[in-house]
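S.K.: here is my input, please return the structure:
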Amino acid sequence: MRLYYRTLRAITQVLYLLGASGRVSGLGHVPLTGGVLLACNHQSFLDPMLVTLAIPRECHYMARESLFRNRFFGRLISSVNTFPVRSGPSDVAAMRVALRRLAQGALVTVFPESTRTVNGRVSPCQPGVIVLARKAAVPLVPAAIEGAFDAWPRHRKLPRCARILVEYGRPLWPEELASRNRDELAAALTARIRALHNGLRVRAGKQPFEYGD
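M.R.: Residues are numbered from 1 along each chain as shown. Prediction:
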């Protein structure tokens, strides 16, 4: 892990613990070496930072292309291993970058809903994330964030303080990814992320969501 990355991570960890009463669980599900695809629900602009703060390895991120239009901010996020994507994991150019980094042993973070939630609920995962995990032949680790939507929902211009929880779930391993239908796997990933998220909501004293799709 680069000193620059380690320093930024340490500063943000302190802010997370003090400002958001942050707690992380299930870290043992995240492999510490080798290529890993981390798939998380998407509540706010804070999510890429939040979902990897506890992982003791340098992480990489897909982020929407528009975030790179500001020269300063684009350089900042590029410096912490972020690369642009136009339309989620189905973007061919972004997929090539992700595959190259996964082949080099990186952990790549994606948000398979493809956009931030409008109401806190977890939308169905797009099948492109399954295609990416299959092509890379790496474990696909589900993760969930709760509280980031309270801290910075998409209709607010600036964030506010809120308790934020993160949990990692049991991976979908390459053997399982290769043996099951793509859409079935996307539905299974959605179900795992939703279950993790509802567990965090209960832990935070909130009502779990019910899903009919």
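S.K.: rest of the way, CA atoms for contacts and neighbours
M.R.: Fine.
S.K.: how near is the residue nearest the centre of the chain to Phe72?
M.R.: Central residue of the chain (CA atoms, centre = their mean): Cys40, 3.5 Å from the mean position. Applying CA to CA, to the nearest Å, the value for Cys40 to Phe72 is 26 Å.
S.K.: now swap in Lys135 and tell me
M.R.: Going from Lys135 to Phe72 by CA to CA gives 33 Å.
S.K.: looking at these two, which one has more neighbours?
M.R.: Between Lys135 and Phe72, counting by other CA atoms under 10 Å, Lys135 is the more crowded of the two (15 against 10).
S.K.: tell me which element that one falls in.
M.R.: Assigned by DSSP states H and E, Lys135 belongs to helix 128-136.
S.K.: do a quick rundown of the strands in this protein.
M.R.: Here the chain has its strands, by DSSP state E, at 23-25, 36-40, 59-64, 82-85, 107-110, 140-146, 165-168.
S.K.: now distance to Leu8 and mean pLDDT too, for those, in JSON lines please.
M.R.: Converted to JSON lines, the strands of the chain look like this (distance: least, CA to CA, whole Å; pLDDT from 0 to 100):
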{"stretch": "strand 23-25", "distance to Leu8": "18", "mean pLDDT": "94"}
{"stretch": "strand 36-40", "distance to Leu8": "20", "mean pLDDT": "98"}
{"stretch": "strand 59-64", "distance to Leu8": "12", "mean pLDDT": "91"}
{"stretch": "strand 82-85", "distance to Leu8": "14", "mean pLDDT": "89"}
{"stretch": "strand 107-110", "distance to Leu8": "18", "mean pLDDT": "97"}
{"stretch": "strand 140-146", "distance to Leu8": "20", "mean pLDDT": "98"}
{"stretch": "strand 165-168", "distance to Leu8": "19", "mean pLDDT": "97"}
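S.K.: output those in JSON lines, with distance to Cys125 appended to each entry.
M.R.: Below are the strands of the chain laid out as JSON lines (distance: least, CA to CA, whole Å):
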{"stretch": "strand 23-25", "distance to Cys125": "22"}
{"stretch": "strand 36-40", "distance to Cys125": "9"}
{"stretch": "strand 59-64", "distance to Cys125": "15"}
{"stretch": "strand 82-85", "distance to Cys125": "16"}
{"stretch": "strand 107-110", "distance to Cys125": "11"}
{"stretch": "strand 140-146", "distance to Cys125": "11"}
{"stretch": "strand 165-168", "distance to Cys125": "16"}
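S.K.: about what we covered before: off-centre distance for the helix holding Lys135?
M.R.: Helix 128-136 has its average C-alpha position 15 Å from the chain's average C-alpha position, going by CA atoms, centre = their mean, to the nearest Å.
S.K.: quick one: residues in contact with it.
M.R.: Contacts to helix 128-136, defined as CA atoms under 8 Å, 6 or more residues apart in numbering, come from residues 37, 39, 88-90, 95, 99, 102-103, 110, 112, 139-140, 174, 177-178, 182, 185-186.
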